[in-house]
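>>> Build me a structure from this.
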Amino acid sequence: MTEMPPVADAPQLEGTMYLFRKPELLTKEKHGELGVSRPKRPFAFCDSVRAIPITISEIALVQKHYPIIFADPQNPMPMAVVGLIDDVNLFVGEKDGEWEQNCYVPGYVRRYPFALAGDKESDKMAIVIDSEYEGLSKKADVKFFEGEDTTDETKRAMEYCSNYERDRLMTQQFAQALVQYDLVTSQVAQFTPEGGESQPFAQYSGIEEKRLTDLADDKFLELRKSNILPILYAQLMSMGNWRMIMDRRVRRFDLKADQVLQPVTKK
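Residues are numbered from 1 along each chain as shown. Model (predicted):
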């Protein structure tokens, strides 16, 4: 389990973290009186994104609800598409900020406002908190610390982040395998209105099915033995969700036929 290192020994934060506005190492000195409560709009922190990182262990669940794409052919880390054309997460309610019921919530979102930070020069790991999270306060329902020790809730959050980090590292290995087999290409999603011609609405990276089927028998066998094949087929099957997410966008903004591919202004 990840431990809370002394401040002097903690890794140094560098760069940015996706969805985190102001990441900070969680320390007794700085956050000893703080904790978290559930905000009125609990998923507001990700209501303006179009895609969310996922791990390979999530792909079987994600493909039921979202198109799965990859960051780019050279670094094919998987992502769940949650919005189209506009910077709007179509699975987060406009008014209540809740995630759509009965739709899988990606682990990257569920671990927020926590994350794990590592030091490139050592194997030290530490827990990170988004210090601008709306649910952060001194009157929180769940405290980070009790006396000199972290609370059970904080320990559980740390354990979840540790498990997520293991999944993320496995996903990196998966991405490297995709590069090795040269299976990911740049692709275009198209929408065909009734009685009209197909029009592109999204560019993304995905598995090239022909490259997969044209693999030499020994390479295909390697993929099967490494248990990668089910993940690839799940990504291909998830492409059927493009139409579903387009329909979701039409309902959200009450769009007419000639407005389907036009950007809208978020209210």
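
>>> So, low pLDDT: which residues of this structure?
Applying pLDDT under 70 to the chain flags residues 1-15, 119-124, 265-267.

>>> Need the single longest helix in it, by residues.
What stands out as the longest helix in the chain, according to DSSP state H, is helix 152-181.

>>> what comes up buried for that helix?
154-155, 157-158, 160-161, 163-165, 168, 171, 174-175, 177-178, 181 (16 or more other Cβ atoms under 10 Å). Where you see a C-beta, it was placed from the backbone N, CA and C, and this is true even at glycine.

>>> Repeat that for stretch 235-247.
For stretch 235-247, by 16+ other Cβ under 10 Å, it's 235, 236, 238, 239, 241, 242, 245, 246.

>>> which residues sit against it?
With contact meaning Cβ atoms under 8 Å, 6 or more residues apart in numbering, stretch 235-247 is reached by 59, 62-63, 65-68, 78, 81-84, 90, 189, 191, 201-202, 206-207, 209, 260.

>>> which of these are buried?
Applying 16+ other Cβ under 10 Å to these flags 59, 62-63, 65-68, 78, 81-84, 90, 189, 191, 201-202, 206-207, 260 as buried.

>>> In strands, which of those fall?
Among those, DSSP state E puts 68, 78, 81, 189, 191, 201, 202, 206, 207 in strands.

>>> Now for those: which two are most distant?
For those, the farthest-apart pair by Cβ to Cβ is 78 and 191; their separation is 22.9 Å.

>>> got the end-to-end distance for stretch 57-67?
Taking Cα to Cα, to the nearest Å, the first and last residues of stretch 57-67 lie 16 Å apart.

>>> Give me the residues contacting that stretch.
Against stretch 57-67 from outside (Cβ under 8 Å, 6+ apart): 54, 68, 78, 80-82, 103-104, 106-107, 167, 170, 189, 204, 230-231, 234-235, 237-239, 241-242, 245.

>>> and with 7 Å instead?
Stretch 57-67 is contacted by residues 54, 68, 78, 80-82, 103-104, 106-107, 167, 231, 234-235, 237-239, 241-242, 245 when judged by Cβ atoms under 7 Å, 6 or more residues apart in numbering.

>>> Which single one of the buried residues of helix 152-181 is nearest to residue 141?
Closest to residue 141, out of all of those and judged by Cβ to Cβ, is residue 154, at 12.9 Å.

>>> Leaving out chain neighbours, which residue sits closest to the closest one?
residue 144 (5.1 Å; Cβ to Cβ, 6 or more residues apart in numbering).

>>> In contact with the one you found, which residues?
26, 31, 34, 35, 150, 151, 154.

>>> quick one: which of these has the most company?
residue 26 (25 neighbours; other Cβ atoms under 10 Å).

>>> Contacts only, for that residue.
Residue 26 touches 127, 128, 129, 144, counting by Cβ under 7 Å, 6+ apart.

>>> Equivalent analysis for residue 46, please.
Applying Cβ under 7 Å, 6+ apart, the residues near residue 46 are 19, 52, 89, 92, 109.
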